[in-house]
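Undergrad: Attaching a predicted model along with its sequence, questions to come.
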Amino acid sequence: MHFVFANRSAIARLTSFVFLLSAAAAFSAEAPKSLPKVPSELEKVRAALEKYQDPVRAIHDGYFSTLSCVAYSRAARGGEVPGYAQSGGMGIHFLNPAAIGPTPDPQRPQILLYEPNGDKLRLVGVEWFIPLSTGVKERPNLFGRPFDGPMDGHEPSMPKELRHYDLHVWLWKENPAGLFSPTNPNVKCHGHGYALLEEPPKLIQK
């Protein structure tokens with residue numbers, strides 16, 4: 001009887017394991033369907049950066065949290081960056097200072113964008129960030145898309161004097177405003193202790 005009980009117990013454990021494995025496989029199979037459709041070159045970028053779904057891995061590789069979760073309550077007006085076409089969030093920026101330079105690297109964005117998800121962070125997008133102080137001479141272009149700017153730094157999360165170009169790409173969360181829109185109406189900062197509501201940045205006349 002003991003042998004039969006042990007076998008039944010083992011079978012039960014095996015059944016539970018198979019069920020959990022099947023559930024995990026189903027989740028993995030469904031996950032890509034929820035991802036935004038992007039051009040093939042951006043699919044490669046998304047695959048290369050998927051490891052940063054774990055923010056601890058991002059910190060290990062030199063990306064550090066700028067703390068605030070940034071959102072915008074209105075669209076851009078005259079003299080502001082027209083790419084800010086509607087209100088929406090950006091999320092929490094993780095910046096890699098070592099990646100900053102005058103030429104954008106498609107595989108190495110300077111910023112990772114995370115959305116608060118309870119007590120966790122979810123990777124939703126990336127940003128290529130090029131300060132004018134790098135000596136950049138012309139508007140950068142990546143994936144056939146010109147960068148937004150040049151613009152003032154985003155106060156209060158950065159000094160106004162940190163003038164720059166930037167390009168946002170929402171690789172993990174659908175953006176009704178567009179794949180390259182700076183803001184994403186689907187990204188929320190509610191409940192985050194350092195949520196900041198900013199104004200669209202001013203354009204710089206070069």
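TA: That came through fine.
Undergrad: Just say helix, strand or coil for residue 43.
TA: helix (DSSP: H, G, I helix; E, B strand; the rest coil).
Undergrad: and what of residue 172?
TA: Secondary structure state of residue 172, per three-state DSSP, is coil.
Undergrad: For it, which non-adjacent residue is spatially closest?
TA: Excluding the flanking residues, the one nearest residue 172 by CB to CB, 6 or more residues apart in numbering is residue 124, at 5.0 Å. Quick note: C-beta positions are derived from backbone N, CA and C, even for glycine.
Undergrad: Give the helix, strand or coil label for that neighbour.
TA: strand.
Undergrad: Just the pLDDT for it.
TA: If you check residue 124, the pLDDT there is 98.
Undergrad: check contacts around it.
TA: Residues in contact with residue 124, defined by CB atoms under 8 Å, 6 or more residues apart in numbering, are 91, 113-115, 170-173, 184, 187.
Undergrad: can you list the weak-confidence ranges in this structure?
TA: Along the chain, segments meeting pLDDT under 70 span 1-33, 206.
Undergrad: ranges for the strands of it?
TA: 64-72, 88-95, 111-117, 120-131, 141-142, 145-146, 148-151, 164-169, 195-198 (DSSP state E).
Undergrad: With respect to residue 40, which of these lies nearest?
TA: Nearest to residue 40 among those is strand 164-169 (14.0 Å), distances taken as CB to CB.
Undergrad: Specify the beta-bridge partners of residue 80.
TA: Note on residue 80: beta-bridge partners residue 202, judged by DSSP bridges.
Undergrad: residues in contact with the one residue sitting closest to the centre of the chain?
TA: For the chain, residue 125 is the residue whose C-alpha lies nearest the centre (CA atoms, centre = their mean; 2.2 Å). Neighbour list for residue 125: 90-91, 113, 168-173, 175, 184, 187 [criterion: CB under 8 Å, 6+ apart].
Undergrad: Could you rerun that using 10 Å?
TA: 36, 90-91, 109, 111-115, 168-173, 175, 179-182, 184, 187 (CB atoms under 10 Å, 6 or more residues apart in numbering).
Undergrad: before we move on, back to that, separation between the residue nearest to residue 172 and residue 202?
TA: From residue 124 across to residue 202, the span is 26 Å (CB to CB, to the nearest Å).
Undergrad: cool, residue 142 as well?
TA: Counting by CB to CB, the gap from residue 142 to residue 202 is 23 Å.
Undergrad: And residue 114, by the same measure?
TA: 26 Å.
Undergrad: Please say which of the two ends up with more neighbours.
TA: residue 114 (25 against 18; other CB atoms under 10 Å).
Undergrad: In space, what's closest to residue 39 - neighbours in sequence excluded?
TA: Counting by CB to CB, 6+ apart, the residue nearest residue 39 is residue 143, at 7.0 Å.
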